[in-house]
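J.: heads up, no residue letters with this:
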DNA sequence: TAAAAATACTCCATAGGTATTTTAT
DNA sequence: ATAAAATACCTATGGAGTATTTTTA
């Protein structure tokens, strides 16, 4: 067995055809077929079922392929480690960012990262926390900027900053006269929420627990983005709990809307850079964390 | 790069000498030296510092070796998977067991395992939970029988049984007249505890929280084993909270000592078989779990 | 019959060997 | 002086190629 064999079987598993896999691996079809056959003989198990033109992994094969992916990931980490040792800040970073941060953080992050880490271009993936954790653990993402604790022993985090929540409301709203808002003063029935899967939704519900139980028809709306939520608020459908960076990016609505800070420690979220525990290139990730800390406005509290 | 190369560098890292490593890998020293040199050239990093007769990994090398171990572990899992597919119940199982279970469980487990899993001999490692988790995650152990939740996303558990705690006391003790004991009736000051690291110590303290704070000189003894604890109890130094299986194995002390069940759900521990999430040979581990469930006396409650 | 995988065979890159030199204690 | 690693050079295993056959949808 060797790493090349593992690349072959993973390619066949991914592409479903020996010929395609051979093409992908830049070898001839007989070469790839022969090596896989030899591997199957060595292991004493058939990895693929060849039923005529279709090819699929056997039960044992599926398990073997899973381990093969792990082995290849580790081998990839060796190469990444070696590159990192030669030039710690070289090589693109695949970065996941949650949707309630990406649009407001990227304008600060991207130019500064391009300046401070010129040899480490960022590849951004914007998705919900739940959809970022898998690729992160598998090594398909190098890091992700999240606002929740991933609670996985395969992952580590670097704290970036604490972002307070502000309450956004129509300028005509009675609470808008106050300088800051007590959480208890927020009517849970009028709080607009994002759809399931957004960590901000859970954080808003943690602050206003009864927000989940209201039955008013209009208040049952669930927006897919903060922008939508904001426009709903401007249209008078309710109030929005918005993270500080998002609020700062909404000057165009300042005529109709008012944002006020919320008192207490609960009304904030800790933003962190999460990466695999055994990630290579920790140095560039630390550097990226510093870029975020330095680039972010003073309206959030930097960590540590 | 090559799995063989990875074996070479791991061997050098483990044995500290190229020559010894070559011997271990069954190749000549020049062969191993040459391959490692070639790998270092390919990666563009030197993995080892050759300072005269001593050899040690460079900073980058240490990281590379860590990843190499991961890759080799995954490759080992492929072989194990293949063997398991040929004969699911073949091949020895390296099993860790905590000290407060091993002496009382093994007399039941070993004969039944030998009968029901004749081709899977058990290799036992008796140690504290904290010392078993590392080897378990690294793949040096196939499974471990523990009484606490390992809380690691790399590990999975198969519930085995719930083992109640009984209070062991001298026959002359006033509580010995009751059929069962209320936790509140136990004087925390007289409760004898194991040394740090034993999960049973923590479980006893969870049941009698104030047990940690007493200041009586004699009660500050910490025994390294349940057997010691029991003899201390027989000698009148205090009371012992003992798991059911241990109690059942002490007929020789029945004249002097009395054991009584404790009421309530808190006075028990859940025993489970813990293994790596990506362990191969799950089938034999499931089979082993069933052997434990079937072999254990009816005085504990089987799960699930 | 057409597309996909297996077989047959040839070739050469490279891991491995032995003999020897270099290096540092 | 000695033990360890590197170098030199030869051998042979096995991975890769092309051409062809087998298989089945």
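T.: Yep, that arrived. Only a predicted model underlies this, so the values are computations on that prediction, with no experimental measurement involved.

J.: quick one: strands adjacent to the element among helices and strands of chain A having the smallest mean pLDDT?
T.: For chain A, using mean pLDDT, DSSP states H and E, the weakest element among its helices and strands is strand A:222-223, scoring a mean of 74. If you go by DSSP bridges, strand A:222-223 pairs up with strand A:191-194 (parallel).

J.: how far out from the middle of the chain is the next helix or strand after the least confident helix or strand of chain A?
T.: Downstream of strand A:222-223, the first helix or strand assigned by DSSP states H and E is helix A:226-234. Distance of helix A:226-234 from its chain centroid, counting by CA atoms, centre = their mean, to the nearest Å, is 23 Å.

J.: same question, stretch A:297-304
T.: 21 Å.

J.: how about stretch A:160-167?
T.: Mean-position distance between stretch A:160-167 and its chain equals 18 Å (CA atoms, centre = their mean).

J.: enumerate every residue touching residue A:33.
T.: Residue A:33 is in contact with A:18, A:22, counting by CB atoms under 8 Å, 6 or more residues apart in numbering or on different chains. Heads up, the C-betas are built off the backbone N, CA and C, glycines and all.

J.: and it, that's in a strand?
T.: No: counting by DSSP: H, G, I helix; E, B strand; the rest coil, residue A:33 is not part of a strand but helix.

J.: what about it, distance to residue A:65?
T.: From residue A:33 across to residue A:65, the span is 17 Å (CB to CB, to the nearest Å).

J.: can the biggest helix by length in chain A be said to contact chain B?
T.: Taking DSSP state H as the criterion, chain A has its longest helix at helix A:59-86. Yes: interface with chain B: helix A:59-86 contributes A:59-60, A:63-64, A:66-68, A:70-72, A:74-75, A:77-79, A:81-86 (CB under 8 Å from any CB of the partner chain).

J.: just the buried residues out of those, in ChimeraX syntax.
T.: Remark: buried members of the residues of helix A:59-86 next to chain B, expressed as a ChimeraX selection using 16 or more other CB atoms under 10 Å in any protein chain shown:
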select /A:60,63,64,66,67,68,70,71,72,74,75,77,78,79,81,82,83,84,85
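
J.: tell me the angle the longest helix of chain A makes with helix B:59-86.
T.: For helix A:59-86 against helix B:59-86, the angle between stretch directions is 180 degrees (axes from the mean of the first three to the mean of the last three CA atoms, to 10 degrees).

J.: may I have the residues that are in contact with residue A:139?
T.: Contacts for residue A:139 were tallied using CB under 8 Å, 6+ apart; they are A:73, A:76, A:77, A:276, A:279.

J.: got the residues of the stretch 151-300 of chain A near chain B?
T.: A:151, A:152, A:153, A:154, A:278, A:280.

J.: tell me the phi and psi of the fourth one?
T.: Dihedral angles of residue A:154 (phi, psi; degrees, to the nearest 10) stand at phi -80, psi -10.

J.: what is the burial count for it?
T.: Burial of residue A:154 is recorded as 18 neighbouring residues (other CB atoms under 10 Å in any protein chain shown).

J.: likewise residue A:170?
T.: Neighbour number of residue A:170 under other CB under 10 Å is 17.

J.: over to residue A:182?
T.: Count around residue A:182 with other CB under 10 Å applied: 12.

J.: need the contact list for the residue nearest to it when sequence neighbours are not counted.
T.: In space, and not counting its chain neighbours, residue A:182 is closest to residue A:263: 5.6 Å by CB to CB, 6 or more residues apart in numbering or on different chains. By CB under 8 Å, 6+ apart, the contact set of residue A:263 is A:180, A:181, A:182, A:183.

J.: in the stretch 101-250 of chain A, which segments are predicted with low confidence?
T.: A:210-221 (pLDDT under 70).

J.: can you give me the helices in it?
T.: A:102-116, A:129-138, A:199-207, A:226-234, A:244-248 (DSSP state H, counting those that start in this stretch).

J.: can I get the ones you listed in TSV with mean neighbour count?
T.: Converted to TSV, those look like this (neighbours: other CB atoms under 10 Å in any protein chain shown):
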stretch	mean neighbour count
helix A:102-116	17
helix A:129-138	18
helix A:199-207	19
helix A:226-234	20
helix A:244-248	22
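
J.: out of those, flag the one nearest residue B:294.
T.: Closest to residue B:294 of the helices of the stretch 101-250 of chain A is helix A:129-138 (CB to CB; 36.0 Å).

J.: so residue A:137 touches residue A:276, yeah?
T.: Yes: the pair residue A:137 / residue A:276 is scored as a contact, 6.6 Å apart, by CB atoms under 8 Å.

J.: spit out the residues that contact these two alike.
T.: By CB under 8 Å, 6+ apart, the residues touching both residue A:137 and residue A:276 are A:154, A:155.

J.: got a list of what the closest residue to DNA strand D within the stretch 201-304 of chain A touches?
T.: Across the stretch 201-304 of chain A, no residue is closer to DNA strand D than residue A:280, which sits at 23.8 Å (CB to the nearest atom of the strand). Residues in contact with residue A:280, defined by CB under 8 Å, 6+ apart, are A:77, A:78, A:80, A:81, A:84, B:63, B:67.

J.: tell me the domain ranges of chain A?
T.: With domains defined by automatic domain parsing, chain A comprises A:3-85, A:89-154+A:277-302, A:162-261.

J.: what average pLDDT does the shortest one get?
T.: So the one you mean is domain A:3-85. Domain A:3-85 comes out with an average pLDDT of 88.

J.: end-to-end on that domain?
T.: Counting by CA to CA, to the nearest Å, you get 23 Å between the two ends of domain A:3-85.

J.: what subset of the contacts of residue A:263 is buried?
T.: Buried members of those, counted by 16+ other CB under 10 Å: residue A:181.

J.: contact residues of chain A facing DNA strand C?
T.: Along chain A, the residues adjacent to DNA strand C under the rule CB under 7 Å from any atom of the strand are A:17-20, A:29-30, A:33-34, A:36-37, A:50, A:53, A:55.

J.: give me that answer again for 10 Å
T.: A:2, A:12, A:15-23, A:28-38, A:40-41, A:46-56 (CB under 10 Å from any atom of the strand).

J.: now, which of these lie within strands?
T.: A:48, A:49, A:50, A:51, A:54, A:55, A:56 (DSSP state E).

J.: tell me the mean pLDDT over the helix or strand following the longest helix of chain A?
T.: Where DSSP H and E defines the elements, the next helix or strand beyond helix A:59-86 is strand A:93-97. Average pLDDT, strand A:93-97: 94.

J.: next, the angle helix A:102-116 makes with strand A:93-97.
T.: 160 degrees.

J.: so strand A:93-97 versus helix A:129-138, what angle?
T.: Strand A:93-97 and helix A:129-138 are oriented at 160 degrees to each other (the same axes, to 10 degrees).

J.: residues touching strand A:93-97, excluding its own?
T.: With contact meaning CB under 8 Å, 6+ apart, strand A:93-97 is reached by A:105-106, A:117, A:120-127, A:132, A:135-136, A:140-146, A:284-285, A:288.

J.: and those, which are buried?
T.: A:105-106, A:117, A:120, A:122, A:125, A:127, A:132, A:135-136, A:141-146, A:284-285, A:288.
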